[in-house]
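Novice: Fold the following and give me the result.
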Amino acid sequence: MPTISEAADRLRTGKLSPVELTESCLRRIERLNPELNAFITVTADAARAEAMAAAILECLAGRGRRAPAAALQAYTLENVTRAYLCLLEERARPVSASA
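Specialist: Residues are numbered from 1 along each chain as shown. Just a heads-up that it's a prediction; the model follows:
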């Protein structure tokens, strides 16, 4: 498992995709959480959908190492659409200025 800094570098250079990193983290959580009890709830499906949306956006922006069609094959169009819409909704939320 890479450190956060290593993961960031690998994501930036395309040596690691958001989906691969997410799956790696989920496997680690599944393996260690029964003993550590660090997570009350693991929302694996939501994490996968968000990672897929990030991978697709990278591909569309020309930064991903895979074509959008290849990314879409991994999950159903419904899940990808839902993740993309959630991502857009998150980005559209107004940010309040606080002093």
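Novice: Would you mark the buried spots in the helix or strand where residue 59 lies?
Specialist: Using DSSP states H and E, residue 59 falls within helix 44-60. For helix 44-60, the neighbour count (16 or more other Cβ atoms under 10 Å) marks 47-59 as buried. For glycine as for every other residue, the C-beta is placed from the backbone atoms N, C-alpha and C.
Novice: Which residues does the host helix or strand of residue 30 contact?
Specialist: Using DSSP H and E, residue 30 sits in helix 18-36. With contacts defined as Cβ atoms under 8 Å, 6 or more residues apart in numbering, helix 18-36 is touched by 1, 7, 10-11, 38-39, 42, 44, 47-48, 50-52, 54-55, 58, 71, 74.
Novice: can you rerun that using 10 Å?
Specialist: 1-2, 7-8, 10-11, 16-17, 38-40, 42-44, 47-58, 64, 66, 71, 74-75 (Cβ atoms under 10 Å, 6 or more residues apart in numbering).
Novice: Buried residues in it, which are they?
Specialist: Buried-residue list, helix 18-36, by 16+ other Cβ under 10 Å: 18, 19, 21, 22, 25, 26, 29.
Novice: so how far is residue 49 from the fourth one?
Specialist: In this structure, residue 22 and residue 49 are separated by 10 Å, where distance is defined by Cβ to Cβ, to the nearest Å.
Novice: Also the fifth one?
Specialist: For residue 25, the distance to residue 49 equals 14 Å [Cβ to Cβ].
Novice: I'm done for today, thanks for sticking with me.
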